[in-house]
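*Asks:* Sequence and predicted structure are below.
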Amino acid sequence: MIEPTLLYLYLTTLIAVYLSPGPDMALVLAVSASQGRRAGVNTVIGIAAARTVHVMGSGLGLAVLFATHPGFQDIVRIVGAGYLFFWAWKMLRSPLAEADVSTTTASVGSNILRGFFTNLLNPKALLFCSLLLPQFTSSDGGSLFSQFILLGGVLVTIGLLFDLIYAFLADGLVQRLGNKMIKNTRLRSRLEKTRNWLMIVVLGGIAIRLLIG
């Protein structure tokens, strides 16, 4: 059992981290604002799945591999940046159209994968898990493995809750703006274009951030 004081400090640390702007927050906000709440939630599911993989990977020692072989870390960063540039280019080349039910349904898998790979291909996310979790384990708390699993589960759950909040907030704000502009075709068209460009800029920005480390 983890000491209550350590657990409290751990929760405080996680809250501070998830309140800080980062690639995951930017992606969730942009997707929800441009494609709606459902797309945002699907993206959140993908990010949560990737965080789970990072927790498992840090436990298996992948973070040590990244630390001892910087070249491998660079390869992962480049692949991740290329993936995001691909999505930005795809959106830039696609004709702008208002989303309907069929489009939303068809994009469920792509939104989950986008969230998953955006987080998974960020080496800093894995290093963050590997550096953070051991700081809050205790030799008096029983099995280190069970403590590690508990801390990892809390990390994924807290992150999921914060990302869902961001998704709902972004969608709610856009819905309010959309309802006010619904009768103005020109303003509605501008809003759609702005949302599309927002996604392109966010994806490109995250890709550049990965490249520069």
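*Replies:* Ah, there it is.
*Asks:* alpha carbons only for contacts and neighbour counts from here, please
*Replies:* OK.
*Asks:* And for Gly204, nearest residue in space, chain neighbours not counted?
*Replies:* Phe85 (5.8 Å; Cα to Cα, 6 or more residues apart in numbering).
*Asks:* Pull the number of nearby residues for the one you found.
*Replies:* The tally of other residues near Phe85 (other Cα atoms under 10 Å) stands at 20.
*Asks:* swap in Val202?
*Replies:* 20.
*Asks:* element containing it?
*Replies:* If you go by DSSP states H and E, Val202 is part of helix 185-212.
*Asks:* as a whole number, average confidence for that helix?
*Replies:* Helix 185-212 shows a mean pLDDT of 69 in the predicted model.
*Asks:* any idea which helix or strand comes after the lowest-mean-pLDDT helix or strand in the chain?
*Replies:* None of the helices or strands of the chain scores lower by mean pLDDT, DSSP states H and E than helix 101-106, at a mean of 40. Beyond helix 101-106 on the C-terminal side, the first helix or strand identified by DSSP H and E is helix 108-120.
*Asks:* ok, now which ones touch the residue most central in space within the chain?
*Replies:* With distances taken as Cα atoms, centre = their mean, the residue of the chain nearest its centroid is Asp24 (2.9 Å). Asp24 makes contact with 47, 115, 118-119, according to Cα atoms under 8 Å, 6 or more residues apart in numbering.
*Asks:* can you check Ile112 too?
*Replies:* Taking Cα under 8 Å, 6+ apart, we find Ile112 in contact with 42-47.
*Asks:* Helices of this structure, start to end?
*Replies:* When secondary structure is read from DSSP state H, the chain shows helices at 4-19, 23-35, 37-60, 62-68, 70-93, 101-106, 108-120, 123-132, 144-181, 185-212.
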